[in-house]
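Participant: Please find the sequence and the predicted model below.
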Amino acid sequence: MRHTASVEAIDALLPQTQCTRCGYNGCLPYAEALSRGEAALNRCPPGGSATIQRLAALLDTPALPLDTSCGVESAQQVVWIDPERCIGCARCLPPCPVDAIVGAQRQLHIVLEDRCTGCELCIAPCPVDCIVLRPRAAEHGAAPAPVDNRQRHHAHRARRERREAERLAVLAARKRLPHSSTP
Ligand code: SF4
Ligand code: SF4
Ligand code: SF4
């Protein structure tokens with residue numbers, strides 16, 4: 001059954017890590033599915049029981065225990081890149097939804113701890129397993145706020161879409177060159 005709460009109101013309650021553990025491609029798609037009444041409200045491990053309670057109140061639906069098939073609730077985490085092992089391949093950059101990793105090809109990459117949500121999306125793409133998940137400690141500072149996560153994710157997506165459009169434009173321009181049609 002479709003809920004009367006707006007997608008924006010539901011999305012505002014989600015942590016915005018974009019981790020995909022709910023089974024959706026980010027927080028907004030999960031919010032949209034919740035709004036349509038197509039998803040259970042207990043699928044967000046980063047939000048945990050507090051988010052479930054807020055969603056239940058907004059959607060006027062009973063709260064449920066976290067669905068552990070999506071993951072378990074844990075303390076805030078942050079990743080660290082082992083400088084002795086990083087080969088500078090840059091494969092960890094595109095998957096980070098909030099641009100928390102900086103570096104260039106053949107250079108050591110580092111994590112901006114004040115941006116890192118601990119979403120883990122950068123870990124699997126690393127070919128040398130040098131990205132390590134750690135509990136967020138006092139030295140790392142406070143975890144980023146959901147509103148900042150959302151803003152950084154929007155900027156990340158916009159930049160990737162712009163680059164893809166530029167890449168396609170270059171390919172199209174090459175195809176139009178006279179020599180490109182010769183075998
Ligand atoms: S933070 Fe929660 S809602 Fe957002 S993608 Fe992760 S599991 Fe889904
Ligand atoms: S650095 Fe890794 S764990 Fe941290 S936000 Fe980016 S992808 Fe997620
Ligand atoms: S994917 Fe791993 S090895 Fe490659 S730049 Fe990132 S941290 Fe370094």
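Facilitator: Happy to help now that I have it. Ligands and ions are numbered 1, 2, ... in the order given.
Participant: Point out where this structure drops to low pLDDT.
Facilitator: Filtered on pLDDT under 70, the chain yields the residue ranges 179-183.
Participant: Those residues of it touching ligand 3, which are they?
Facilitator: 81, 86-92, 103, 109, 125-126, 128, 130-131 (CB under 6 Å from any ligand atom). All C-beta atoms are positioned from the backbone trio N, CA, C, and that covers glycine.
Participant: Tell me the buried residues in stretch 111-119?
Facilitator: V111, E113, R115, C116, T117, G118, C119 (16 or more other CB atoms under 10 Å).
Participant: Let me know whether that stretch sits next to ligand 2.
Facilitator: Yes - contact of stretch 111-119 with ligand 2 (CB under 6 Å from any ligand atom) involves V111, C116, T117, G118, C119.
Participant: From the rest of the structure, what touches that stretch?
Facilitator: Residues external to stretch 111-119 that are found in contact with it (CB atoms under 8 Å, 6 or more residues apart in numbering): 15-19, 46, 76-81, 97-102, 133, 136, 140-144, 148-149, 152.
Participant: Give me the buried subset of those.
Facilitator: 15-19, 46, 77-79, 81, 97-98, 100-101, 136, 140, 143-144, 149, 152.
Participant: and ligand 2, which of those residues reach it?
Facilitator: Applying CB under 6 Å from any ligand atom to the buried ones among the contacts of stretch 111-119, those adjacent to ligand 2 are V79, V98, A100, I101.
Participant: Out of those, list just those in strands.
Facilitator: Among these, the members falling in strands are V79, I101 (criterion: DSSP state E).
Participant: ok, of the residues of stretch 111-119 next to ligand 2, which one's closest to Q53?
Facilitator: The shortest approach to Q53 among the residues of stretch 111-119 next to ligand 2 belongs to T117, at 20.7 Å (CB to CB).
Participant: Wait, a strand at the closest one?
Facilitator: No - assigned with DSSP: H, G, I helix; E, B strand; the rest coil, T117 falls outside any strand and is coil.
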